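Trainee: Got a sequence here, can you build the structure:
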Amino acid sequence: MPDEDSLSTRARCTPWNKGKLIGAKPPLRPNQVWSIRTRLLIERRTRDLALFNLAIDSKLRGCDVVALRVEDVAPNGYAVDRATVRQKKTGRPVKFELTDQTRQAVDDFLKEAGKRPGEYLFTGRRGRNRAMTTRQYARLLADWVASIGLDPRVFGTHSLRRTKATLIYRRTGNLRAVQLLLGHTKIESTVRYLGIEVDDALAIAEQVDV
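Mentor: Next comes the predicted model:
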């Protein structure tokens, strides 16, 4: 039977990530986004649909998504076309667009939940005056992902932040635009965040004739 010291040593040597999938969380593909949206619509999960759509459009970090207040996206009671939020991590403001389907989802949720300016947009079990936690947000995402047959261990809240940014980059090759949309201070951060490789850059360059 192992002594106490050997058990203690074994515990210290056990890697923190044992049994977990680590690394950058991949973005969702367009068909996966639509599958999740459709399921949330069918199940009439109004809050979840508003949260999911807003997370995709805003490209915000999870901590900024759950910190959104009603007036950030609907200052006059209805969702606006464009919004500006100050990021917690950098303190810098970042602008984002709200598509028609996102505005509709937010408006439906505001009406159903009776939300008013000054209140957090998304609240959890802690009460109406407390924002949803990032942990609760992550659990919801895991549920959405699993509902369409994907492995929830592979995806995270950064998957939603990356989804639209990655699609914009792949369609345009415009790193500067993506940098602004993500609120990165350095373009090198955007390159790392998107996981851009030399082959990606060359593929884009090959599509441009001079």
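Trainee: Start and end of stretch 64-79, how far apart?
Mentor: End-to-end distance for stretch 64-79, by C-alpha to C-alpha, to the nearest Å: 17 Å.
Trainee: do stretch 54-72 as well
Mentor: Distance between the two ends of stretch 54-72: 12 Å, counting by C-alpha to C-alpha.
Trainee: what about it, average pLDDT?
Mentor: For stretch 54-72, the per-residue pLDDT values average out at 96.
Trainee: average pLDDT for stretch 78-95?
Mentor: In this model, stretch 78-95 has a mean pLDDT of 93.
Trainee: Pull the residues that contact it.
Mentor: Here stretch 78-95 makes contact (C-beta atoms under 8 Å, 6 or more residues apart in numbering) with 58, 60-61, 63-64, 67-68, 72-74, 96-98, 102-104, 106-107, 110, 180-183, 185. Using the backbone N, CA and C atoms, a C-beta is placed for each residue, glycine as well.
Trainee: What are the buried residues along that stretch?
Mentor: Residues 79-80, 83, 85, 87, 94 are the ones in stretch 78-95 that count as buried (16 or more other C-beta atoms under 10 Å).
Trainee: residue boundaries of the helices in this protein?
Mentor: With DSSP state H as the definition, the chain shows helices at residue ranges 4-13, 30-42, 46-58, 62-66, 70-73, 100-113, 134-147, 157-172, 175-182, 187-194, 198-205.
Trainee: wait, what's in contact with residue 133?
Mentor: Residue 133 makes contact with 66, 124, 126 under the criterion C-beta under 8 Å, 6+ apart.
Trainee: Model confidence score at the second one, please.
Mentor: Reading off the per-residue confidence, residue 124 sits at a pLDDT of 80.
Trainee: Could you number the chain from 17 rather than 1 from now on?
Mentor: Noted, 17 is the first residue going forward, which turns the last one into residue 140.
Trainee: isn't it right up against residue 155?
Mentor: No - if you go by C-beta atoms under 8 Å, residue 140 and residue 155 don't touch, sitting 9.7 Å apart.
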